[in-house]
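Peer 1: Sequence and predicted structure, then a few things I'm wondering about:
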Amino acid sequence: MAVNINRVILGGNLTRDPELRYISTGRAVAQVGIAINHVYTTESGERREDVTFVDIEAWGKTAETMGQYLKKGRPVLVEGRLKLDTWDDKQTNQKRSKLKVVCDRFHFLDSGGNRSGEAGAAATPRPEKPAAGASPAPEPDEPPAEPHDDVPF
């Protein structure tokens, strides 16, 4: 039996303010970038730091929340899935590709600008209700809705 798991959890600082836009159907999409620092010591005792830059894409209410509350430099934890975009470069006629994370939810890692004022409060997407009799059109690159029920034990 084949098992396919595509889940990513990353923590870092925003490299730019979120770029929020709306597609033709009115659905929000946000593009942000995060920098993830890795500090280590070499065998000679020298302290070094590597930085990895990752592009993040969010849809719907999550995108709108990112656009409202996140700013460059703010620390966040992002949960989502990896997605590979491919295209033909018009200048060189070569195939290009870029790996990014499609975010289903994120968490504030500080208290700055947080609605509740609590550090680490989560911003979770809520499913949107279609109008009566209307069937929602599928969105490209939209992550599937997942139930996030809090069950107290």
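Peer 2: Looks like it arrived, so ask away.

Peer 1: which element is H38 on?
Peer 2: strand 28-41 (DSSP states H and E).

Peer 1: Ok, F106 next?
Peer 2: Following DSSP H and E, one finds F106 within strand 95-108.

Peer 1: Which neighbouring elements make contact with that strand?
Peer 2: Contacts defined by 3 or more C-beta pairs under 8 Å, 6 or more residues apart in numbering; DSSP states H and E place strand 95-108 against strand 47-59, helix 60-69, strand 75-88, strand 122-123. C-beta coordinates here come from the backbone N, C-alpha and C atoms, glycine included.

Peer 1: winner for burial among those?
Peer 2: Of these, the one with the most neighbours on average (mean count of other C-beta atoms under 10 Å) is helix 60-69, at a mean of 20.

Peer 1: any idea how far E46 lies from Y40?
Peer 2: Distance, E46 to Y40, using C-beta to C-beta, to the nearest Å: 10 Å.

Peer 1: Please read the previous query as pertaining to L84.
Peer 2: 28 Å.

Peer 1: Which residue lies nearest the spatial centre of the protein?
Peer 2: In the chain, the residue lying closest to the centroid (C-alpha atoms, centre = their mean) is C103, at 3.2 Å.

Peer 1: Do I have it right that it meets V78?
Peer 2: Yes - with contact defined as C-beta atoms under 8 Å, C103 and V78 form a contacting pair (5.2 Å).

Peer 1: can I get the helices and strands packed on strand 95-108 in TSV with distance to I36 and mean pLDDT?
Peer 2: As requested, the helices and strands packed on strand 95-108 are exported to TSV (distance: least, C-beta to C-beta, whole Å; pLDDT from 0 to 100):
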stretch	distance to I36	mean pLDDT
strand 47-59	5	96
helix 60-69	17	95
strand 75-88	10	95
strand 122-123	19	44
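
Peer 1: Can you say which of the ones you listed is nearest to A28?
Peer 2: With C-beta to C-beta, the closest approach to A28 among those belongs to helix 60-69: 4.1 Å.

Peer 1: Secondary structure element holding the residue located most distally from the centre of the chain?
Peer 2: Within the chain, S44 marks the point farthest from the mean C-alpha position, 37.1 Å out by C-alpha atoms, centre = their mean. Assessed by DSSP H and E, S44 sits outside every helix and strand.
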